[in-house]
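[1] heads up, no residue letters with this:
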C-alpha cells in the first residue's frame, strides 16, 4: 500500500490546494533540479513562463515515455495516445481526430449532454439526502457523454469504469487482469465499428480513414477519451463542486448572475487543476532556461497546479474569483498537446455546474470537510465521495 511520503512533491496537495512548498517554488525557483528515488525526473518546472515554454516547445522536448534510450521510448508509446506522440506522428493522428470536434458537431451534442445532466440530477434527487455526488452525478455524466461520443453501449459503462478504476489504482496481477480485459473489450469494439460504422467518433474515423488508422490506434483513441472522462471530468465535477461550496460568496454570485457560467468554468478549471502535473517532457537538446541548462536526455515535470496558482504580476491567482478577467490556464495543457476534447469538456462543465446549482439552491456538504477522503495516488487527483444535502 503506497504511503503519503511516496507521492512526488509535484503531486502533493492539501485538500484541493497545492502544498505551500509548490507555491514557494513557483515564486522563488520556478525551475528546480529534482531527485526522486525510483523516478526518472531531473527537473521540476513550477513557474508560469517556464511551464508555458516547455509545454509549447515540441521541437526541443519529447512527450514519449522517458527511458534510457530513444528506441525503448518509442516502443513504450501507447498506440492512439496523443500525449505520447511526437511530430510528425502526432501531427498526422491529431489531424485525423480534430475534425470530429468541430463547433458544429459539439452543438449537435449539446442537447444530449443537457439531457444526461438532467437525468442524473433526477437520479441524485431521488437518492435522497444525503447523497453522494460522485456516485450519482459526477461519475455518470462524463461517462455517459463519452459513451455517446464514441458509440459505446451505455450499459457497458459500469464494466468500463471498473476496469479503468482497477487499472489505475492496483498493482501486480489484479492490474494485469484488468488491463487485459480492457484491451479485449476495446479490440472487440473496434472490430464491430469496422463491420458497421455509425455516426459516432469511432465510426466516422473508420468511414473517413479506413485502413489509414489502425485497430490499435482506434482502441487507444477510445481508451484515452474514456479515461479522460472517468478520471478527469469526473473529478473536475467533484472538486469543482467542493470549491464552490467552500466559497459561498462566489456560489451566491453565480446563482444571481448565471451569465457568469463561462468565466466560472474557466476559473474552476484553473483553480482545481485536476491534472496536477503534465506528462513528462524529455529534452532532445541542451535547453537554457531560467538561468540554468536542461541537458539533452534529462526529464522535466511541469506542475500545472503550481503554474495555474502562481501570481501573475498584480493578479493574485491563488484566490478563487469567478469574475476574474484573465482566466488563462494550463488545465487542458498547452501547445500541440492541448486537449483535443476541450470544447466538449467545457460544454459538460457548463451544463453540469449550471444545472446542479439551479436544481439545488440550498446545496451544502453533508459532512465536515475534514472527513472527505481524497485520491492522491489516482491518475487524476480527486475525492472518493462527496456527500451532499440540499
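    Okay, I see it. Please read these numbers as outputs of a predicted model, since none were measured by experiment.
[2] got phi/psi on the nearest residue to residue 42 once chain neighbours are set aside?
    Closest residue to residue 42 apart from its sequence neighbours, by Cβ to Cβ, 6 or more residues apart in numbering: residue 298 at 4.0 Å. In short, each C-beta sits where N, CA and C put it, glycine included. Reported as degrees, to the nearest 10, the phi and psi values for residue 298 are phi -80, psi 150.
[3] for residue 298, give its distance to residue 252.
    With the distance defined as Cβ to Cβ, to the nearest Å, residue 298 ends up 48 Å from residue 252.
[4] what segments of the stretch 101-250 of the chain are strands?
    Using DSSP state E, counting those that start in this stretch, the strands of the stretch 101-250 of the chain run over 131-132.
[5] residue 390: what's it in contact with?
    129, 360-364 (Cβ atoms under 8 Å, 6 or more residues apart in numbering).
[6] I'd like to know which of these are buried.
    360, 363 (16 or more other Cβ atoms under 10 Å).
[7] list just the nearest of the contacts of residue 390 to residue 382.
    When the contacts of residue 390 are compared for distance to residue 382 (Cβ to Cβ), residue 363 wins out at 18.8 Å.
[8] neighbour count winner among residue 298 and residue 252?
    More crowded of residue 298 and residue 252, by other Cβ atoms under 10 Å: residue 298, with 18 against 13.
[9] so what pLDDT did the more buried one get?
    Looking at residue 298, its pLDDT is 95.
[10] mind checking how far residue 375 is from residue 66?
    24 Å.
[11] between those two, which is the more surrounded one?
    Between residue 375 and residue 66, counting by other Cβ under 10 Å, residue 66 is the more crowded of the two (21 against 16).
[12] could you confirm the more buried one falls within a strand?
    No. Counting by DSSP: H, G, I helix; E, B strand; the rest coil, one finds residue 66 to be coil, located in no strand.
[13] wait, it sits on residue 282?
    Yes. Residue 66 is within contact range of residue 282, at 5.0 Å (criterion: Cβ atoms under 8 Å).
[14] please enumerate the shared neighbours of those two.
    Common neighbours of residue 66 and residue 282 (Cβ under 8 Å, 6+ apart) are 73, 299.
[15] sorry, back to before: quick one: the residue nearest to residue 42 and residue 43 touch, right?
    Yes. Using Cβ under 8 Å, residue 298 is in contact with residue 43, at 6.3 Å.
[16] enumerate the positions of the helix or strand of the chain at the bottom of the mean pLDDT ranking that are buried.
    Confidence across the helices and strands of the chain bottoms out at helix 70-76, with a mean of 76, counting by mean pLDDT, DSSP states H and E. Buried residues in helix 70-76, counting neighbours by 16+ other Cβ under 10 Å, are found at residue 73.
[17] following element in sequence after that helix, please.
    For helix 70-76, the succeeding helix or strand toward the C-terminus, using DSSP states H and E, is helix 89-97.
[18] helices or strands up against that following helix?
    helix 201-209 (3 or more Cβ pairs under 8 Å, 6 or more residues apart in numbering; DSSP states H and E).
[19] residue contacts, residue 214?
    residue 79.
[20] same question, the one 4 residues further on
    By Cβ under 8 Å, 6+ apart, the residues touching residue 218 are 80, 190, 193, 202, 205-206.
[21] most surrounded residue in these?
    residue 202 (26 neighbours).
[22] leaving out sequence neighbours, find the closest residue to that one.
    residue 193 (4.7 Å).
[23] extract the residue ranges of the stretch 1-150 of the chain that are flagged as low pLDDT.
    Across the stretch 1-150 of the chain, the stretches falling below the confidence threshold (pLDDT under 70) are 1-5, 38, 68.
[24] 50 - rerun?
    Along the stretch 1-150 of the chain, the model assigns pLDDT under 50 to residues 1.
[25] my read: residue 166 touches residue 176, true?
    No. Applying Cβ under 8 Å as the test, residue 166 and residue 176 come out as separate, 10.0 Å apart.
[26] higher neighbour count, these two?
    residue 166 (16 against 12).
[27] the more buried one and residue 134, how far apart?
    17 Å.
[28] rewinding a little: was I right about the residue nearest to residue 202 contacting residue 151?
    Yes. The pair residue 193 and residue 151 qualifies as a contact (Cβ under 8 Å) at a distance of 7.0 Å.
[29] shared neighbours of these two, anything?
    202-203.
[30] distance of the spatially most central residue of the chain relative to residue 342?
    For the chain, the residue nearest the mean C-alpha position is residue 232 (3.6 Å; Cα atoms, centre = their mean). Distance of residue 232 to residue 342, given as Cβ to Cβ: 11 Å.
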